[in-house]
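J.: build me a model from this:
(one chain, ligands or ions: 1)
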Amino acid sequence: FSNKPLAGKTVMITAGPTVEAIDPVRFISNHSSGKMGYALAKAARIAGAEVELISGPVNIRAPYEVEVTRVTSAAEMLAAVKEKIETVDVFIGCAAVADYSPVEVSCHKIKKNDEVMSLKLQRNPDILAWVAARQDKPLVVGFAAESQSLEFYARKKLEKKNLDMICANDICCEGLGFNSENNQLLLMKKDGSQILLDIASKEVLAQQIIQEIVNQISDNSHR
Ligand code: PMT
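T.: As a prediction, this is how the structure comes out:
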C-alpha cells in the first residue's frame, strides 16, 4: 500500500484452528495452519491499521507490530474477541472454529474398553455471527470453507450471519485451502456482487482482501 488507507482503524482477525479437549491427551481440531489469517494481519498492518490477531494454536511467528492473543478453544476465542471488540472497526473471521466440542472433558485419560465408543458433542458459539449481531457492529468479513456448492453455501452463510462480505474457498482443490501456501477465493458481497481472486499466495490474496475492505470503507463513508 502506497499510503496508509487503514490508519486510525482497528482490525481484529481470528486465525488458525481451535482445539477442543476430550481428555488430557486427545482433542478435536482441524487442519488450519493460520497462514491465511496471519497474512491478513500482516496486510492490514501494512495498510496502517492497529491489528488485533486472535489466534488458535499455530506454528507461525506474529507479524511485525501485530498484537496477538493466543487461545485454544472456541470458548476462549469468543472470550478474547469479546474483551477487545468495543474499539474494532473491521472484523475478519478467518479462524477454522470447531463447530462442536465435547459436552464433558474428562480430567483423566479415557480408558479403552468397548469396541465402539461415542462422544457427546455440543455446538460451539458462533463467533462471527455474535460479532455481526452487535448493535454497533464493525464491518464484518467472514470466510466459508466448502467442499461442494461453493457459491450456494457461502451466500447462505453471508445472509444468515448478516455479513458485509464472505471469502469463499473450495477446500477440495489440491494445493489450496487448508495448510497450503496458495489459495483461491471468491469474494461475495452483501449487495450481490462478487469478485473472483485467482490462485495466488495467501500473502497476495490477503492484500487483495484488505484492498477490497478499504474500498468498502470509503464507499460507506461517501453515503
Ligand atoms: O489456516 P490456513 O491453513 O491458512 O487455511 C485457511 C482456511 C482454509 C482455514 C481459511 O481460508 C478459511 O476458510 N477459514 C474459515 C474456515 C471455516 O471454519 O469456515 P466455515 O465455513 O466452517 O465457517 C464460516 C465462518 O464462520 C468463518 O468465518 C468462521 O471463522 C466462522 N465461525 C464458524 C464457526 C464458529 N463456531 N464460529 C465462527 O466464527
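J.: close to the ligand: what parts of this structure are there?
T.: Neighbours of the ligand within the chain, by CB under 6 Å from any ligand atom: 14, 32-37, 74, 93-97, 99, 124, 126-128, 142-145, 157, 169, 171, 177-179, 202. The way it works is simple: take the backbone N, C-alpha and C, and place the C-beta from them, glycine included.
J.: Y153 contacts E146, doesn't it?
T.: Yes. The pair Y153 / E146 is scored as a contact, 4.9 Å apart, by CB atoms under 8 Å.
J.: who's more crowded, these two?
T.: E146 (19 against 16; other CB atoms under 10 Å).
J.: residues contacting that one?
T.: Y153, A154, A168, N169, D170, I171 (CB atoms under 8 Å, 6 or more residues apart in numbering).
J.: T10 now?
T.: Contacts of T10 (CB under 8 Å, 6+ apart): A49, E50, V51, E52, T87, V88, D89, V90.
J.: what does M36 give?
T.: Per CB under 8 Å, 6+ apart, neighbours of M36: A15, C94, F143, N183, K202, L205, A206.
J.: center of the protein - which residue?
T.: The chain has C94 as the residue nearest its centroid, 1.5 Å off, counting by CA atoms, centre = their mean.
J.: tell me the pLDDT at that one?
T.: The confidence metric pLDDT takes the value 98 at C94.
J.: ok, the closest residue to it other than its chain neighbours - contacts?
T.: Leaving out its chain neighbours, the residue that sits closest to C94 by CB to CB, 6 or more residues apart in numbering is G37, at 3.8 Å. Residues in contact with G37 (CB under 8 Å, 6+ apart) are I13, T14, A15, G16, L53, S55, I92, C94, A95.
J.: can you redo those residues as CSV with secondary structure?
T.: Compiled in CSV, the contacts of G37 are given as follows (DSSP: H, G, I helix; E, B strand; the rest coil):
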residue, secondary structure
I13, strand
T14, strand
A15, strand
G16, coil
L53, strand
S55, strand
I92, strand
C94, coil
A95, coil
